[in-house]
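Sequence first, predicted model second:
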Amino acid sequence: MIFLQLFIMLLVILVAAEVFTNALEHLGEKLKISEGVTGSLFAAVGTALPETSVPLLALLAGTQNAQTNEEIGVGAILGAPLMLATLSISLMAFAVLAKRGWKGSFHPERTGLTRDLDFFIVAFAFATIALYVPHDQNVVRAGIGFCMVLIYFVYIMLTIRASKGLVDEGHATAAESHMYLCKIGLPNNMAIIFLQLLLGLALLIGGAKGFIHGVEAAAQLIGISTLLLSLLIIPIATELPEKVNSFLWVRRRKDTLAFGNITGAMVFQGTLLPAIGIMLTPWEPRKEVIAGIIITLIAAIWLRLLMKRGGIKVWHLWVNGGLYLTYLTIALS
C-alpha cells in the first residue's frame, strides 16, 4: 500500500506541476517580466513555501523532545539546498538526454543564473562560518542571521531591476499554450491566472504531503536516524517532486525558467532558513552537517565555474549527481 500511495501521489504532483507552470508562464507574460524573474522568484518561492513550513513547524511547534525538533529543523534546512544543488540539477540532464545527447548544451540566460549562484555561495559561506561561532555568542549569531536575510532582499531587488533589460533583449516570459482553465470557457485574465496558480499549488502541496507520509513510512521500515531522515528523505519528498516544473521547462528548451526555478529556490532556502537555524538551534559542526554544507558549496561553485568558462553541457550536470552520491556514502557510512 505504501508504494501504491507513492505512485498515486507522484501522478498528482505531475499533473499539478503542469497546471502550475502553465499558469505561471501566462502570469509572466501578462506582467511583461523576464524568464529570470518568473523562474528565480515566482516559481522558486511559490513551490518552496510549503517545504519552508517543515523546519519552522519543527522548531516552533514540534514534539516535546527539543533535540528531535532541532535535528529535524537543521536537517530540513540544510538538506533542501543540498538536494537542489546536486540531485535536482543532475536530473535535468536525464530529462533532456534523449533529445540533446550527453554532449548537448543548456542555454540559460547567463546574468540571472550567475547572480543566483553568487548570492547563494556568499550566503551559504555565512552559514558555514556560523557553525563555529560559540553558542553563547548570541549577538554574533544574530548578526550573521540578519546579514543572510539582508542578502536575500538585495537579491530580490537586483533580480527585479534586471528584468526590463532582459525583456528588451528577448528574454521575456512567453506562454507556449493556452491556459488550461481557458479551455473550459473561462476568460484569460489575472483573476483566472491566479485561480489556476492556486489550484496548481494546492495540488502540489496535497501531492507532496501525501508523498511525504509515504516516504516517512518507508524510512521507518528502513530504520534511519532523525537527522538523516531530515537531511535525505524529507528534502527529496518535499522539494524534488515540486521541481518537476524544471524538468518540464527544460524539455521545452526553456532553460532559463528551468534553472531559475532551482537556483532561485537555492537562494531562498540558503538565506532565510539558515538564518532561522543559526538563531534557534545549536547549529553545530556535526559530520553530516559539515559534509552536506561542503558538498552543496562544491556543487554550486562547479556550476558557477561552468558559467564562467562559457556554458553548461548535459554531462556536466552528472558531476552534481555524483556529488549527491558522495554525500550519501559519507552520511550512511
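Received it, and whenever you're ready, just let me know what you need.

Where does the prediction get shaky in the stretch 1-150 of the chain?
Along the stretch 1-150 of the chain, segments meeting pLDDT under 70 span 1-3, 6, 10, 13-14, 17, 33-34, 36, 39-40, 42-73.

Let me see the ranges of the strands in this protein.
Applying DSSP state E to the chain gives strands spanning 105-106, 312-313.

most neighbours per residue, which of these?
Between these, the one whose residues have the most neighbours on average, counting mean count of other Cβ atoms under 10 Å, is strand 312-313 (a mean of 20). C-beta: built from backbone N, CA, C; applies to glycine.

Please verify my assumption that Arg141 contacts Leu280.
No. Contact between Arg141 and Leu280 fails when scored by Cβ atoms under 8 Å: they sit 9.8 Å apart.

got JSON lines for the strands of the chain, with distance to Phe120 too?
Compiled in JSON lines, the strands of the chain are given as follows (distance: least, Cβ to Cβ, whole Å):
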{"stretch": "strand 105-106", "distance to Phe120": "18"}
{"stretch": "strand 312-313", "distance to Phe120": "16"}
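
Need the contact partners of stretch 181-194.
Stretch 181-194 is contacted by residues Ala23, His26, Leu27, Lys30, His178, Met179, Leu195, Gln196, Leu199 when judged by Cβ atoms under 8 Å, 6 or more residues apart in numbering.

Now for the third one, how many residues are close by?
I take that to be Leu27. For Leu27, the tally of surrounding residues (other Cβ atoms under 10 Å) stands at 21.

Next: the fourth one.
By the other Cβ under 10 Å criterion, the neighbourhood of Lys30 contains 14 residues.

Could you measure from it over to Pro134?
Relative to Pro134, Lys30 is positioned 51 Å away (criterion: Cβ to Cβ, to the nearest Å).

Repeat that for the first one.
Ala23 is 48 Å from Pro134, where distance means Cβ to Cβ.

Comparing those two, which residue is more hemmed in?
When neighbours are counted by other Cβ under 10 Å, Ala23 and Pro134 differ, and Ala23 comes out ahead with 24 against 8.

which parts of stretch 184-198 are buried?
Ile192, Ile193, Gln196, Leu197 (16 or more other Cβ atoms under 10 Å).

That one: end-to-end distance?
Using Cα to Cα, to the nearest Å, the end-to-end distance of stretch 184-198 comes to 17 Å.

quick one: that stretch to chain centroid distance?
Chain-centre distance of stretch 184-198: 26 Å, with Cα atoms, centre = their mean, to the nearest Å.

pLDDT of that stretch, averaged?
Computed over stretch 184-198, the mean pLDDT rounds to 86.

list the contacts for the closest residue to Gly321 other than its chain neighbours?
With sequence-adjacent residues excluded and distances taken as Cβ to Cβ, 6 or more residues apart in numbering, Gly321 is closest to Ser90, at 3.1 Å. For Ser90, the contacting residues are Leu317, Trp318, Val319, Asn320, Gly321, Gly322, Tyr324, by Cβ under 8 Å, 6+ apart.

The first one reaches Val96, doesn't it?
In other words, Leu317. No. Using Cβ under 8 Å, Leu317 makes no contact with Val96, being 9.6 Å away.

overlap in contacts of those two?
Listed as contacting both Leu317 and Val96 by Cβ under 8 Å, 6+ apart are Phe106.

Settle it for me: which of these two has more neighbours?
It is Leu317, of Leu317 and Val96, that has more neighbours when counted by other Cβ under 10 Å, with 25 against 22.

Distance check, that one against Thr296.
The span separating Leu317 from Thr296 equals 15 Å under the rule Cβ to Cβ.

swap in Gly104?
Going from Gly104 to Thr296 by Cβ to Cβ gives 26 Å.

Which one's more surrounded, the two?
More neighbours sit around Thr296 than around the other of Gly104 and Thr296, counting by other Cβ under 10 Å; the figures are 29 against 14.

Tell me which residues touch that one, please.
The contact partners of Thr296, taken as Cβ under 8 Å, 6+ apart, are Leu78, Pro81, Leu82, Ala85, Thr86, Phe124.

now swap in Thr128 and tell me
By Cβ under 8 Å, 6+ apart, the contact list for Thr128 reads Ile293, Leu297.

ok, now how distant is the closest residue to Trp315 other than its chain neighbours from Ala76?
With Cβ to Cβ, 6+ apart as the measure, Trp102 is the residue that lies nearest to Trp315, at 4.7 Å, once sequence neighbours are left out. Distance of Trp102 to Ala76, given as Cβ to Cβ: 33 Å.
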